[in-house]
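Colleague: my questions concern the predicted model and sequence given below.
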Amino acid sequence: MGYYHGYKGYRFYASRTTPLPYNDFVQLQAVYDFDMQMKTLLYPWVMFLETAFKNHTLEIVLDRAQSDSFEDICSNVLSNANPKKLLGFYQSIYDALNRDYKQRPMVTHFYDKNKPVPIWALFEIISMGNFGAFIECLEQRYREALSNSIKLPLMTNCDPECRLPQYLVYTLRDLRNAIAHNAPIYDVRFNLNNKHRGRTVNKCVGEYLRRVTGCTTWKWDNIADYVLLIAQLLLHFGVDRTKIREEFLKSFLEHCDTFFERVALKAIAGTVVPQQEIEKIRQYMSR
């Protein structure tokens, strides 16, 4: 465990103003190990969801444009309502192509033949943030089609423009990037807006989860909320409920039990994974 990446990063919960009351280095080691276990558990499921979101989006835009050319699709399905946002999206895509195309054989192939890069190849190289921006720039009817494709509720009261798909992708992006860069995730500090001292998850995500899970409290200040979000999204993409319960949620609870045994101090264990969040997951599993 490195000094800066390990010890200094795990002395506190979310912010340096909330230090964890360790009285033994073994306790800090337990938090560190729990964090590593969370990253190992969550990463493959988050990557599955990224691929699933992209596949459903591809199916919708390819059907509309009747072409796999990125330029053709953009001219058919993207909205001009926010020119600044659209221009920023295009710039990020071309930056990604210029930066990465030599390392991506499927893109290099089209560049070398002076052919348009198909959108399915582009989706292989763009970041999750760029993908979220693509959804954000879609015309509303295509965002609605995407929501219908994965059976997301249409919440006209709090989401009249049907932006829930992009909010979900951005929420997963923050978690995915933290895992990919081996940053701490046990305290979900990746979703903190340090300037405004608030959480960055859009309120529509919480409203969606309240509707589909029956769980009323979503603060996004603990890793269990993200575990439940992933579990619910896996259902939307056809993963069997038993598989989710047995291979994902039970594994999470087992890691929590081991962590609680190693850190008997409630002020630490109860801060990292509050007991009410454990109960929330158990109630979800029993549905």
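Modeller: Right, received. Where do you want to start?
Colleague: any idea of the mean pLDDT in stretch 7-14?
Modeller: In this model, stretch 7-14 has an average pLDDT of 90.
Colleague: and stretch 201-220, by the same measure?
Modeller: 93.
Colleague: which residues of this structure fall in strands?
Modeller: All strands of the chain, identified by DSSP state E, fall at 12-13, 15-19, 192-193, 198-199.
Colleague: buried deepest among the ones you listed, which one?
Modeller: strand 12-13 (a mean of 18; mean count of other CB atoms under 10 Å). Bear in mind the C-beta positions are built from the backbone N, C-alpha and C, glycine included.
Colleague: which residues are in contact with it?
Modeller: For strand 12-13, the surrounding residues in contact (CB atoms under 8 Å, 6 or more residues apart in numbering) are 18-20, 187, 271-272.
Colleague: those: which two are farthest apart?
Modeller: Pairwise distances across the contacts of strand 12-13 peak at 13.1 Å for P19 and V272 (criterion: CB to CB).
Colleague: sorry, back to before: with pLDDT as added columns, please give the contacts of strand 12-13 in TSV.
Modeller: Listed next are the contacts of strand 12-13 as TSV, based on pLDDT from 0 to 100:
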residue	pLDDT
T18	91
P19	93
L20	95
D187	95
T271	94
V272	95
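Colleague: CSV for those, including distance to I125?
Modeller: Output for the contacts of strand 12-13, formatted as CSV (distance: CB to CB, whole Å):
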residue, distance to I125
T18, 38
P19, 41
L20, 39
D187, 31
T271, 39
V272, 36
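Colleague: and which of these is nearest to D174?
Modeller: Of the contacts of strand 12-13, the one sitting nearest to D174 (CB to CB) turns out to be D187, at 13.2 Å.
Colleague: which parts of stretch 239-249 are buried?
Modeller: 239, 244, 248-249 (16 or more other CB atoms under 10 Å).
Colleague: span of that stretch from start to end?
Modeller: End-to-end distance for stretch 239-249: 13 Å, by CA to CA, to the nearest Å.
Colleague: who's in contact with it?
Modeller: Here stretch 239-249 has contacts from 41, 45, 48, 227, 230-231, 234-235, 281, 284-285, using CB under 8 Å, 6+ apart.
Colleague: list only buried entries from the residues you listed.
Modeller: 41, 45, 227, 230-231, 234, 281, 284-285.
Colleague: how about the helices in the protein?
Modeller: Counting by DSSP state H, the chain has helices at residues 25-65, 70-77, 83-100, 105-112, 119-125, 128-137, 140-149, 164-180, 203-213, 223-236, 241-244, 250-262, 266-272, 275-285.
Colleague: ok so, going back, out of the strands of the chain, flag the one nearest R210.
Modeller: Nearest to R210, of all the strands of the chain, is strand 198-199, at 16.0 Å by CB to CB.
Colleague: distance of I268 from D24?
Modeller: Applying CB to CB, to the nearest Å, the value for I268 to D24 is 10 Å.
Colleague: give me the more crowded residue out of the two.
Modeller: I268 (21 against 10; other CB atoms under 10 Å).
Colleague: from E207, how far out is that one?
Modeller: For I268, the distance to E207 (CB to CB) stands at 32 Å.
Colleague: can you check Y111 too?
Modeller: Distance of Y111 to E207, given as CB to CB: 43 Å.
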